[in-house]
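# Generate a structure from the sequence data that follows.
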Amino acid sequence: MNPVSGVPALDIELRSAELNEKYARLGSFLDRSNLSAVLFSRHENIAWITAGQVEARVAQGVETAVTSLLITRSGLRYYLAPNNEASRLADEEFAGLGYEPVIYPWHQNAGPLLRELAGDAALGSDISIADATHVNLADLRTPLLESEIDRFIKLSRQAADATSSVLESLMPGITEEEMAARTAAALLERGITPTVLLMGVDDRIRKYKHAVPRSGRLERYGMVNLCARKWGLVASITRFVHFGPVPDELQASFTAAARIHSELLHATRSGSTSAQLFEVAKKAYASVGAAEEIEFHHQGGPCGYGEREWLIQPGGKDMVLLPQAFAYNPSLRGGKVEDTALVTEKDVEILTDTPTLPVIETVIGGEVYRSAGVLVR
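Reported below is the predicted structural model:
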């Protein structure tokens, strides 16, 4: 591990190649957009351009960091930060990245310094600010690079391990709040930040697509559903436990959800569009006798530096660009399948595989796809 940032230790050449590729993508973007520099303020973009090293998040619910990065077409790199953040950022975030610090008093703003640095240059910004063109940098974050995939695999395995440990610890009588606390603790002790915690029990799972923790107390059926962030990347996973035999109708829902999930993974190929993948999901729901269920919740999409980079939806023009990670989440009648999968030109790999838990195998086009089943206690 990098002793400063906690990023997995990488071969120097591999890390340098990742950063150089990202600067090259940014340079091409600047040329296409007729811009001379870009200001990075959003967490996902800062994590991406720094190869997962910089985590400048203080308030968890805020989309922007306590620093901003200014990168110019000529290759100059700065980070702008208030003086109360400067020492930690220098020691723990930016070491070795080659950024020049630009520090200002905490009771002022960075606007004057930014204009001084940028001059009359055409400036882009990933948040709306005066005298800059608002830009969306999401397209630059794909396809995933080898070193990013390595980090994604490590994160997903850790998140899956945490999920399994929590699920296997549950017993009737536990509250949803206690389930959330156990899950958060299991993630945090692994250096992972929970970004979504949905803990549902019994009828709340069947009634609500987003069962945020409330006062429910587990009787027979429990759900652990989470999104987890580390190195800027986010993995998603959902698992279920049932005490006593699973009702036939519920088991059928899981088999159907596994079928839909497998159809989506099978159809995820370079060039596939959001709209095309939505049609695959729509036909799959109809094929399992639940055509109406697709209307009740989104079906997921690619993930990376956000829980979902975009969603599959009617008319969607976003396009698959492999290698890329995906978190589909088909659900119906109380059953749901959700995993983080890496899709390449050659293979589909479930990154959040949980070997100690039940699996549903589905064959699509001669390929076997594995989806999570219900743990029966």
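
# What ranges does the stretch 251-377 of the chain have for its strands?
300-303, 324-328, 331-332, 335-336, 341-343, 348-350, 359-364, 367-372, 374-376 (DSSP state E, counting those that start in this stretch).

# Neighbouring strands - and their directions - for the first one?
Put plainly, it is strand 300-303. As defined by DSSP bridges, the strand partners of strand 300-303 come to strand 324-328 (antiparallel).

# mean confidence for the partner strand?
Averaged across strand 324-328, pLDDT comes to 98.

# Then stretch 368-376?
Averaged across stretch 368-376, pLDDT comes to 98.

# buried residues in it?
Under the neighbour-count criterion of 16 or more other C-beta atoms under 10 Å, stretch 368-376 has Y369, R370, S371, A372, G373, V374, L375 buried. Placement of C-beta: from N, CA and C, glycine included.

# show me where the stretch 51-200 of the chain has strands.
Secondary structure of the stretch 51-200 of the chain (DSSP E, counting those that start in this stretch): strands located at 64-72, 77-82, 100-104, 123-125, 133-134, 193-201.

# Quick check: beta-bridge partners of H134?
Residues in beta-bridge contact with H134 (DSSP bridges): S125.

# Isn't it up against L123?
No: using C-beta atoms under 8 Å, H134 makes no contact with L123, being 10.6 Å away.

# of those two, who's got more company?
Higher neighbour count among H134 and L123: L123, with 22 against 10, using other C-beta atoms under 10 Å.

# ok now do the closest residue to the more buried one other than its chain neighbours, which residues does it touch?
Nearest residue to L123, sequence neighbours excluded (C-beta to C-beta, 6 or more residues apart in numbering): A132, at 4.4 Å. Counting by C-beta atoms under 8 Å, 6 or more residues apart in numbering, A132 touches L39, L123, G124, S125.

# Can you add mean pLDDT and distance to P358 and give the strands of the stretch 51-200 of the chain back as a markdown table?
Formatted as a markdown table, the strands of the stretch 51-200 of the chain follow (pLDDT from 0 to 100; distance: least, C-beta to C-beta, whole Å):
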| stretch | mean pLDDT | distance to P358 |
| --- | --- | --- |
| strand 64-72 | 96 | 41 |
| strand 77-82 | 97 | 47 |
| strand 100-104 | 97 | 52 |
| strand 123-125 | 97 | 48 |
| strand 133-134 | 98 | 47 |
| strand 193-201 | 98 | 19 |
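
# Now distance to A56 too, for the ones you listed, in a markdown table please.
Below are the strands of the stretch 51-200 of the chain laid out as a markdown table (distance: least, C-beta to C-beta, whole Å):
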| stretch | distance to A56 |
| --- | --- |
| strand 64-72 | 4 |
| strand 77-82 | 8 |
| strand 100-104 | 13 |
| strand 123-125 | 16 |
| strand 133-134 | 21 |
| strand 193-201 | 13 |
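
# and of those, who's closest to Y328?
Closest of those to Y328 is strand 193-201, at 15.4 Å (criterion: C-beta to C-beta).

# Show residues contacting that closest one.
Identification of contacts with strand 193-201 by C-beta under 8 Å, 6+ apart yields 60, 176-177, 179-180, 183-184, 187-188, 208, 210-213, 216-219, 221-230, 234, 236, 238, 307.

# Check stretch 172-186 too.
With C-beta under 8 Å, 6+ apart as the contact definition, stretch 172-186 has outside contacts at 162-163, 165-166, 169-170, 194, 197, 199-201, 204, 211, 213-220, 222, 224, 226, 243.

# Run through the helices of the chain in chain order.
12-33, 43-49, 83-88, 111-118, 146-169, 176-188, 203-207, 248-267, 274-287 (DSSP state H).

# what about the stretch 51-200 of the chain, any weak spots by pLDDT?
Residues of the stretch 51-200 of the chain meeting the criterion pLDDT under 70: none.

# In PyMOL, how would I select just the buried ones from the contacts of stretch 172-186?
Command for PyMOL, covering only those of the contacts of stretch 172-186 found buried under the criterion 16+ other C-beta under 10 Å:
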select buried, resi 162+163+166+170+194+197+199+200+201+204+211+213+216+218+222+224+226+243
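
# Could you check how far G365 is from V58?
Distance, G365 to V58, by C-beta to C-beta, to the nearest Å: 48 Å.

# how about the strands of the stretch 251-377 of the chain, which one is nearest L69?
strand 300-303 (23.0 Å).

# okay, the residue positioned nearest the centre of the chain: pLDDT?
What sits nearest the mean C-alpha location of the chain, by C-alpha atoms, centre = their mean, is V234, with 2.8 Å. pLDDT recorded at V234 is 98.

# if I pick it, what's in contact with it?
T195, C227, A228, C303, G304, Y305, G306, E307.

# now that we have these, which one has the most neighbours?
A228 (31 neighbours).

# Bridged to that residue, which residues?
With DSSP bridges as the rule, A228 is bridged to P194, A235.

# And for G300, the neighbour number?
Other residues within reach of G300, judged by other C-beta under 10 Å, total 25.

# Neighbours of E146, how many?
By other C-beta under 10 Å, 12 other residues sit near E146.

# can I assume it is in contact with E13?
No: E146 lies out of contact with E13 (C-beta under 8 Å); the separation is 11.3 Å.

# before we move on, the earlier item: what is the nearest of the contacts of V234 to Y79?
Checking the contacts of V234 against Y79 by C-beta to C-beta gives Y305 as the nearest, at 18.2 Å.
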